[in-house]
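Colleague: any chance you could fold what I've pasted below:
(2 chains)
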Amino acid sequence: MAEVILKEISKDYGDTRALSNLDLIVADGECVVLLGPTGAGKTTTLRLIAGLERADSGRITIGGRDVGTEAPAARDVAFVFQQYSLYPHLSVYENLAFPLRSPARRLGKDDIDRRVRDVARMVRIDHKLENRSTRLSGGEMQRVAIGRALVRRPAIFLMDEPLSSLDAKLRAELRLELKRIQKELGATLLYVTHDQIEAMTMADRIGILAEGRLVQIGTPREIYSNPANTHVAARLGQPHINLIPVDVIPDSRAPAGARTVGARTEHLDISLVGNANAHVDWVEHLGDQNHLHIKVGDCKLITLANPYLPVKPGDKIGLRLKNPLYFGADGNRVY
Amino acid sequence: MAEIRIENLRKEFGSFAAVEDSSFVVRDGEFLALLGPSGCGKTTTLRMIAGLELPTSGKIFLAGEDVTLNRARERDIAFVFQLFALYPHMNVRKNIGFPLLAQGVSKAEIRSRVEETARLLQIDHILNKSVSGLAGGDRQRVALGRAIVRRPKCFLMDEPLGTLDAEFRDLMVRELRELHNRIHATTVYVTHDQLEAMAMADKIAVMNHGIIEQFGSPQEIYNRPATMYVADFIGSPPMNFLRFKAGLQKGTRSVSVEGVDITVPEIHQDVAEGELALGVRPEDIRFSDASSLRGAVYGSEYHGTNQIVAVEMAEGLVKARVPADQNFRIGEKVGLELNHDKLCVFDCTSGRAVPSSRYAGAHHG
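Modeller: A predicted model of the protein is given here:
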């Protein structure tokens, strides 16, 4: 495994700027997740590292080696795509062994066998090694695809929304397994997704990409509790952070220049006694999460309902801010 | 708008039964989600309601009329597929009005109905724009507008949000539900995503291998799962099962799991000796040193306000949802306190919930 460094990378497609001066370091053994909507530049970043695209400017090093002119095969990266592509005529075993049979590698038969079986156990497909790859469920196929990347022990794994074509339930299971495997191998992993739960649960650090720029990078906790601007604040958290004008809830602590208050569940204090300044609009039962919809004047807020707080629609409540986030007119944090 | 009534509906493809003898009613104005993994028969059920597949046996009634053998276009149904296709050479107004034009509705009426629809969807400001320049959300709204404008008896939707970004999907879930609140159209919505179903539906039918395992309101299904399958499918993470071997007597209020006596809702039926499971939702677990039900912390997943802490017990992993400000070391020994009122007991052989005071008055599907 190796450290990967991107320095001042830019990439245009015609008139469209896909990446703009991107600086990113993925440390050896680290899992960095790039989070952003479609078109933010996530996939382009991966493709540049893999060598499937060439940057217009900037420098990419893998393990200290400048790979700018190297062909994809020479870069020692493993790419897992959203759509798993297995060799349909081969068994699971042969699919996993295939990258090791490359003439460039010259591994002995026993070595190959050991690695294939190790990896198969890791991705929990060892009971189906002799199956044809077409005779697998979607989740199993994606495990084989991930396994095929793992057998190679490359310098870095690049994964492009590998779970997004799977059922919600399977996605949650594989998410945990991928994280476990990554830690077990000490693998360097750059993973892109638009799913904030994947980002929060898998990443050592999350990079927030927007319109080709890296807006903020940090641990999930840093990004969640200390966002640099309203854009980042809105990327993480369910329910969505409440972004409300600064004068909606009386607050003597708002710093100069604050225009918007960012209030998540943990920033709101609800009291059932004393002065009421808000009322409960409705309670949305999502099962594991119940959302409390609150109205303050014309302003709507959503928080996680506290199961121990008895409220019903129409109830008058007192709403206070508890160390919320403040943002200026330009959307950036003010303190 | 109209009621949809399904009676003993069955569909076989060769020797494979895709849908087995389903019966349910979607009341006038109700939003039903057909929920299950791929291959469970949810899309086949929907396609039979739409008239795109003929059932092997059973009947389908739309507003009281038997439409089982009617062609799709004779059913007055709007079908919304996963991928919305718009007419790229027409503007928003023409796209929305097209189904009416095809029906031969007068120009003046098309105009007023298109404008009314656009107001409902809050896209009245872009009526004269070309659809090719629209952002994803507006494109979806135009496609929805084209379905609404016909004022069909019901809407059938097959994972319409399946291909969207997670963030955008959340927004569309909200919009679809708010739209439903405004127009009260009878809707059948197919999804494999339990969060979408929980957030939007009045009723959910949880399907598995062609069978409806449970039919009920989201809360009913979440709080009183009829089977282990349903309990495991709904919730993220799903319900935890602590397995134990025992026989239970009617009136019992306690079970023994991993050698610890745990209070449960009063059991309403004798259960013969066998393998049972205690079902507990992640949010109904709290950590308490006083509890003798103990395990070791295996790992945690940070979710912002909350975190999911996995605890390794003798019987496997148990996941608890607790506030994110508590810190745990991996390997740390913790005691688990369960919210007794909310526990469910299952018979592992049949997979069904054992009747208890928690289930009293509940309707099983």
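Colleague: model confidence for residue 4, exactly?
Modeller: No chain specified, so I'll use chain A. A:Val4 carries a pLDDT value of 96.
Colleague: should've been chain B
Modeller: Confidence score, pLDDT, at B:Ile4: 96.
Colleague: list the contacts for it?
Modeller: B:25-26, B:49, B:60-62, B:154, B:186, B:188 (Cβ atoms under 8 Å, 6 or more residues apart in numbering or on different chains). Any C-beta I mention is one placed from the backbone N, CA and C, and that applies to glycine too.
Colleague: mind redoing it with 10 Å?
Modeller: B:24-28, B:30, B:32, B:49, B:60-63, B:67, B:77, B:153-154, B:156, B:186-188 (Cβ atoms under 10 Å, 6 or more residues apart in numbering or on different chains).
Colleague: tell me which entries of these lie within strands.
Modeller: B:24-26, B:32, B:60-62, B:77, B:154, B:156, B:186-188 (DSSP state E).
Colleague: measure the residue nearest to A:Leu236 when sequence neighbours are not counted to B:Val309 for me?
Modeller: Excluding its sequence neighbours, the residue lying closest to A:Leu236 (Cβ to Cβ, 6 or more residues apart in numbering or on different chains) is A:Tyr224, at 4.8 Å. Here A:Tyr224 is placed at a distance of 17 Å from B:Val309 (Cβ to Cβ, to the nearest Å).
Colleague: can you give me the helices in the stretch 201-335 of chain A?
Modeller: A:220-225, A:230-235 (DSSP state H, counting those that start in this stretch).
Colleague: still on that earlier bit, which of the ones in strands among the contacts of B:Ile4 are buried? Put it as a ChimeraX command.
Modeller: In ChimeraX syntax, the buried subset of those is picked out as below (16 or more other Cβ atoms under 10 Å in any protein chain shown):
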select /B:24,26,32,60,61,62,77,154,156,186,187,188
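Colleague: just the buried positions in the helix or strand where A:Leu24 lies, please.
Modeller: Following DSSP states H and E, one finds A:Leu24 within strand A:16-26. Buried residues in strand A:16-26, defined by neighbour count with 16+ other Cβ under 10 Å: A:17-19, A:22, A:24, A:26.
Colleague: quick check, nearest of those to chain B?
Modeller: Proximity of the buried residues of strand A:16-26 to chain B (Cβ to the nearest Cβ) peaks at A:Ala18, which lies at 17.2 Å.
Colleague: you'd agree the closest one is up against A:Lys11?
Modeller: Yes: with contact defined as Cβ atoms under 10 Å, A:Ala18 counts as touching A:Lys11 (4.7 Å).
Colleague: list residues touching both of those two?
Modeller: Going by Cβ under 10 Å, 6+ apart, residues that sit against A:Ala18 and also against A:Lys11 are A:41, A:44-45, A:47-48, A:53, A:55-56, A:212.
Colleague: in the stretch 151-300 of chain B, what residue lies closest to chain A?
Modeller: Closest point on the stretch 151-300 of chain B to chain A, by Cβ to the nearest Cβ, is B:Tyr222, at 3.9 Å.
Colleague: can you read off the pLDDT for that residue?
Modeller: 93.
Colleague: so where does it fall, helix or strand?
Modeller: helix B:218-223.
Colleague: what about stretch B:297-307 and chain A, touching?
Modeller: Yes: counting by Cβ under 10 Å from any Cβ of the partner chain, chain A has neighbours in stretch B:297-307: B:298-307.
Colleague: for these, which one is nearest A:Leu292?
Modeller: Checking the residues of stretch B:297-307 next to chain A against A:Leu292 by Cβ to Cβ gives B:Thr305 as the nearest, at 12.6 Å.
Colleague: and the closest residue in space to that closest one that isn't next to it in sequence, how close does it get to A:Ile244?
Modeller: Leaving aside its chain neighbours, B:Thr305 sits nearest to A:Thr265 (4.9 Å; criterion: Cβ to Cβ, 6+ apart). Relative to A:Ile244, A:Thr265 is positioned 14 Å away (Cβ to Cβ).
Colleague: between these two, tell me which one has more neighbours.
Modeller: A:Thr265 (22 against 19; other Cβ atoms under 10 Å in any protein chain shown).
Colleague: in JSON lines: the ones in strands among the contacts of B:Ile4, plus distance to A:Tyr326 and pLDDT.
Modeller: Formatted as JSON lines, the ones in strands among the contacts of B:Ile4 follow (distance: Cβ to Cβ, whole Å; pLDDT from 0 to 100):
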{"residue": "B:Phe24", "distance to A:Tyr326": "51", "pLDDT": "96"}
{"residue": "B:Val25", "distance to A:Tyr326": "52", "pLDDT": "96"}
{"residue": "B:Val26", "distance to A:Tyr326": "47", "pLDDT": "96"}
{"residue": "B:Leu32", "distance to A:Tyr326": "44", "pLDDT": "97"}
{"residue": "B:Ile60", "distance to A:Tyr326": "57", "pLDDT": "96"}
{"residue": "B:Phe61", "distance to A:Tyr326": "58", "pLDDT": "96"}
{"residue": "B:Leu62", "distance to A:Tyr326": "54", "pLDDT": "94"}
{"residue": "B:Ile77", "distance to A:Tyr326": "50", "pLDDT": "88"}
{"residue": "B:Cys154", "distance to A:Tyr326": "47", "pLDDT": "91"}
{"residue": "B:Leu156", "distance to A:Tyr326": "46", "pLDDT": "92"}
{"residue": "B:Thr186", "distance to A:Tyr326": "46", "pLDDT": "95"}
{"residue": "B:Thr187", "distance to A:Tyr326": "41", "pLDDT": "95"}
{"residue": "B:Val188", "distance to A:Tyr326": "45", "pLDDT": "96"}
